[in-house]
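Peer 1: here is the input, now give the coordinates:
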Amino acid sequence: MQNIILMFFHLSAAAVALGALVFGALIIRPVIKKSEEKASLEESLEHKLMDRLAPTVLACVFVLIVTGVYYLLVNYTDQVNLKEGYYNIFGMKMLFVVATLGLSVYQTFGLRARISDLDLRPENKKQVPETLNSMAYTGHMILWTLILAIFFGVFLARF
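Peer 2: Numbering: from 1, shown residues only. As a prediction, this is how the structure comes out:
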């Protein structure tokens, strides 16, 4: 029963992170870019969207890592009879998970922090367009690294 609950949280976090990235980066952002005026970037929907989705994705990545590590620790005795090549694929998955975590931390605490409190630092208003573009590019990279990590995780289920 514990494994079922653990896998539910693991898969739910993956679905929320993937859904937030696809929704934000591929669906709603291009529509916003076409329809929104450039009058006030700090009040724009694009700025608010990036401001909300970056911490959501980071929290989901943390949940993925915690539940994955906990699952490995609880079920370590079941992993002695695995097929050859399991750890090679697992290592590739971990590379993409670490890349996803690093990019997500950079987006949330590096890029988002530049434009999060524009009322306290009005000199940063001229950085908003380039920072939003950097956040979008980083969001695309996070999306692809997360997709590859999920692919390797699904592939590992065969073992």
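Peer 1: where does this protein have its least confident helix or strand?
Peer 2: helix 29-35 (a mean of 72; mean pLDDT, DSSP states H and E).
Peer 1: got the buried residues for that helix?
Peer 2: Within helix 29-35, the residues scored as buried using 16 or more other CB atoms under 10 Å are 29, 32. Placement of C-beta: from N, CA and C, glycine included.
Peer 1: what's in contact with it?
Peer 2: Helix 29-35 has contacts (CB atoms under 8 Å, 6 or more residues apart in numbering) with 44-46, 49, 136.
Peer 1: need those in a markdown table (columns: distance to R114 and pLDDT).
Peer 2: Below are the contacts of helix 29-35 laid out as a markdown table (distance: CB to CB, whole Å; pLDDT from 0 to 100):
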| residue | distance to R114 | pLDDT |
| --- | --- | --- |
| S44 | 15 | 71 |
| L45 | 19 | 75 |
| E46 | 15 | 74 |
| L49 | 16 | 81 |
| A136 | 14 | 87 |
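Peer 1: so, low pLDDT: which residues of the protein?
Peer 2: Across the chain, the ranges flagged by pLDDT under 70 are 34-43, 77-80, 117-122, 124.
Peer 1: pick out the residue closest to the middle of it.
Peer 2: In the chain, the residue lying closest to the centroid (CA atoms, centre = their mean) is V57, at 4.0 Å.
Peer 1: list the helices and strands the strand or helix carrying it packs on?
Peer 2: Using DSSP states H and E, V57 falls within helix 45-74. Using 3 or more CB pairs under 8 Å, 6 or more residues apart in numbering; DSSP states H and E, the elements in contact with helix 45-74 are helix 2-21, helix 29-35, helix 86-105, helix 112-115, helix 128-156.
Peer 1: thinking again about what came up before, give the contact list for the residue nearest to the centre of the chain.
Peer 2: V57 makes contact with 17, 20-21, 104, 107-108, 139, 142, according to CB under 8 Å, 6+ apart.
Peer 1: out of the residues you listed, who's nearest V66?
Peer 2: In terms of CB to CB, no member of the contacts of V57 lies closer to V66 than A17, at 13.3 Å.
Peer 1: apart from its chain neighbours, what residue comes closest to L82?
Peer 2: F159 (5.3 Å; CB to CB, 6 or more residues apart in numbering).
Peer 1: P55 now?
Peer 2: Closest residue in space to P55, ignoring its immediate chain neighbours: T108 at 5.5 Å, by CB to CB, 6+ apart.
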